[in-house]
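Asker: model this:
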Amino acid sequence: MKTSRPLSGLLIPVRTFRPAPGRFCWPARGVFASASLRDLRPLVQLAADLKARLSIRAQIETNGWGPADVRLRRTPAARDPDGYALRIAPGGVEIESATDAGAYYAVQTLRHLLAIHGADLPCGEIVDAPDFSRRAVYLDCSRGKVPTVDTVRQLIEFLASCKINELQLYIENVFTFRRHPAIGRGFDPFTPEDLLAIQEHARLHHVRFVPSLTSFGHFERILMLPPYRALGEYPGHYGLSGGTTLCPSDPRSIRLVSELYGEFLPLFDAVDFNACCDETWELGRGRSAARAKRVGTGRLYLDHLLRLHRLCLKHGKRMNVWADILLQHAETISELPGDLVLLNWDYWATGKRIPQTKLITEAGYSCVVCPGTHGWQSHGSRLQSSMDNVRVFAAEGRRRSAEGLMQTDWGDMGHRNPLGISLHGFAHAAAHAWNGRAVDEAVFTDRFADLCFGKSEGRIAMAIRELGRNEERAGTSLYRTLVWRTDGKGTAFQGVSRNHPAWFEVAPATPPPWSEASLAGSQDVVDSCVRTAERLAGVKAAPPFFALALDELRLANAMDRLGARRILAAKKLAAGGSLATGERQRVRDDLLDARHRLKTTWLARNRPSRLRDNLQLLDNHLVALRLRGS
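Answerer: Numbers count the residues shown, from 1 in each chain. Sure thing, here's the model as predicted:
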């Protein structure tokens, strides 16, 4: 009697697998067949994999009959639009799905099986469907890094192979608004043509390209410009000329947003639109203070949200917003429009907003649960924190029948964290968004490394784990230590372009971040980074996208080693000691190595944008190091 059991080894686990006797062996020259032209894209991917892995050439036939080694069919029997059935028999592979997307995901599973099993596959039947209808990734493009269109295309293909079906790019000011050209100047913004090209590529891979544009809080990069400074709720807050939040009681605010929407939203086919509206820190504390005192801060927030909602309806969009402010003012939730989608974010497994998912769904609103990669303010990520966050949030989303899961990847403080580090977090969230109950946390990183980078005797998986533990070892943020001078005195850095100043999210802190770091832990990080560099020496990855990701692992390792050496040097200097010539030389060598790697990898994936700001931080350290050594 056949039994249902998990199919081991898959990065994105399938729902059921019923094994059958025998093996399917790939023929010397395979034939793939489908009557749908929409299946050409995934079948071309499968053919490319066969050629690369087994030197087998495959012929693709656009017909629904005749002999074939892999055949795709449509059937109305599949209940889930993203679901499919995949049957592997000694004589060939058959795929049935109700939609083009279901067929695409079935082929992705077949590609993963090819990567695991090679020349012959175990026979059996897979019946598969996802936990969440929306399986999204949110990529910050406004904190320094603006990826090239080609980078976003490659990322889309990776995400789609993991059965992600939605991508959002976080945009504050990195778009070329025709009526407001100053907004994106100096930041290498996306053009309308860029976004249309991304959307077309996303469509080919069944990924919805959903617009996201700041509309209330996090308006600082616009408010810092003289023409818009007066629209801020609290100019000067956080030392920023216009503050961070639009003044909702100023009618010019909604007029500006309306004009921005008018240029931005018509570019997108997706019905959903993320209007953001999170972290309105100074709301009701500045120009709207009198009104907030009369009606309450929650009502002040809600009124602006309702104005934005009317704009969304005008453009035929379903409004999505981050849920943090609404959850702070839960009394307003019953007055929200019924079609609103709340994006409930929390980046820790013990976060207080995770259980508030219940409040959202029981009030009758659609909800998307939003964990994070923990790549922000980190070079190598906080790996275990990210994995725990995803696991707990996904389980809560399933329990509360959330509409989706969206993995977020931020770039706070200049976006020095590399994309290659975040790929693990994207894949891990994708696995939990598809079939979270079957994810094997203990071996996930090994499977990710083998599938994406190729077999490396565990060296890449070990490097990912080691990098993901460095901040835990040092006891402080290795990222933030690099914005401090070698003499230990805090410094704020204001990046300046030829066009206008750019607020660069670095401010002096008291005490400095290295002061609470562990000396022993920092030395452990240095030692670990030396071992990781040796581990990664000579390792190669064939696909260019992952070859560059491997270089980014090396960059993260170099930056963490530099950060740990900075901690050791700063503590010694603060205690009245001095750096020996050898110590100073090691820090200098690490600075130059990190600088070179940062510049090379940044330009390989991104537009120049704010690269100069990050390089200047490292150059400041080189100057300080010379001064201390004189």
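
Asker: buried set for the host helix or strand of A556?
Answerer: Counting by DSSP states H and E, the element that carries A556 is helix 544-574. Buried residues in helix 544-574, counted by 16 or more other Cβ atoms under 10 Å: 545-546, 548-573. Every residue, glycine included, has its C-beta placed from N, CA and C.

Asker: now that helix: how far from the chain's centre is it?
Answerer: With Cα atoms, centre = their mean, to the nearest Å as the basis, helix 544-574 stands 21 Å off its chain's centre.

Asker: Mind giving me the packing neighbours of it?
Answerer: helix 149-161, helix 419-435, helix 441-453, helix 459-467, helix 470-474, helix 478-481, helix 519-536, helix 581-605 (3 or more Cβ pairs under 8 Å, 6 or more residues apart in numbering; DSSP states H and E).

Asker: Between helix 149-161 and it, find me the angle.
Answerer: 100 degrees (axes from the mean of the first three to the mean of the last three Cα atoms, to 10 degrees).

Asker: and the angle from helix 544-574 to helix 441-453?
Answerer: 120 degrees.

Asker: Let me see the mean pLDDT of helix 544-574.
Answerer: When pLDDT is averaged over helix 544-574, the result is 93.

Asker: coming back round to it: out of the helices and strands packed on helix 544-574, which is closest to P251?
Answerer: helix 149-161 (36.0 Å; Cβ to Cβ).

Asker: ok, residues contacting the helix or strand just after that closest one?
Answerer: Per DSSP H and E, helix 149-161 leads on to strand 166-170 as the next helix or strand towards the C-terminus. Here strand 166-170 makes contact (Cβ atoms under 8 Å, 6 or more residues apart in numbering) with 134-142, 152, 155-156, 159, 190, 198, 202, 207-212, 274, 276, 404, 406, 410.

Asker: one more time with 7 Å
Answerer: 134-142, 156, 159, 202, 207-210, 212, 274 (Cβ atoms under 7 Å, 6 or more residues apart in numbering).

Asker: how far does it sit from the chain's center?
Answerer: Per Cα atoms, centre = their mean, the centroid offset for strand 166-170 relative to its chain is 9 Å.

Asker: Repeat that for stretch 516-524.
Answerer: 29 Å.

Asker: What score does Y261 have for pLDDT?
Answerer: Predicted confidence (pLDDT) for Y261: 98.

Asker: Quick check: chain neighbours aside, which residue is closest to it?
Answerer: L311 (5.3 Å; Cβ to Cβ, 6 or more residues apart in numbering).

Asker: which residues does the spatially most central residue of the chain contact?
Answerer: The residue lying closest to the centre of the chain (Cα atoms, centre = their mean) is D409, at 3.3 Å. In this structure, D409 makes contact with 137-140, 373, 375, 422, 425, judged by Cβ under 7 Å, 6+ apart.

Asker: roughly how far apart are it and D346?
Answerer: Distance check for D409 against D346: by Cβ to Cβ, to the nearest Å, it reads 15 Å.

Asker: so what are the domain limits for this protein?
Answerer: 16-128, 134-219+250-277+296-439, 465-629 (automatic domain parsing).

Asker: circling back: state the distance from the residue nearest to the centre of the chain to T445.
Answerer: For D409, the distance to T445 - Cβ to Cβ - is 17 Å.

Asker: Kindly report the same for L86.
Answerer: On the measure of Cβ to Cβ, L86 and T445 end up 26 Å apart.

Asker: Looking only at neighbour counts, state which of those two leads.
Answerer: L86 (25 against 21; other Cβ atoms under 10 Å).

Asker: What part of the protein, helix or strand, is modelled with the least confidence?
Answerer: strand 495-496 (a mean of 32; mean pLDDT, DSSP states H and E).

Asker: Might you report the residue contacts of D303?
Answerer: With Cβ under 7 Å, 6+ apart, D303 has these contacts: P248.

Asker: switch the cut-off to 10 Å
Answerer: With contacts defined as Cβ atoms under 10 Å, 6 or more residues apart in numbering, D303 is in contact with 248-249, 291, 295, 332.

Asker: Helix or strand: which one has it?
Answerer: Counting by DSSP H and E, D303 is found in helix 297-314.

Asker: could you give the angle of the next helix-or-strand element following that helix to helix 297-314?
Answerer: Later in the chain than helix 297-314, the nearest helix or strand by DSSP H and E is strand 318-322. Strand 318-322 and helix 297-314 are oriented at 150 degrees to each other (the same axes, to 10 degrees).

Asker: Strand 318-322 pairs with which strands, parallel or anti?
Answerer: strand 272-274 (parallel), strand 341-345 (parallel) (DSSP bridges).

Asker: quick revisit: where strands are concerned, which of the contacts of D409 count?
Answerer: 137-140 (DSSP state E).

Asker: Tally up the residues packed near S133, please.
Answerer: S133: 17 neighbours (other Cβ under 10 Å).

Asker: Residue numbering should commence at 34 henceforth.
Answerer: With 34 as the first residue, the last one maps to S166.

Asker: so it sits right up against V374, yeah?
Answerer: No. Taking Cβ atoms under 10 Å as the definition, S166 is not a contact partner of V374, at 11.9 Å.
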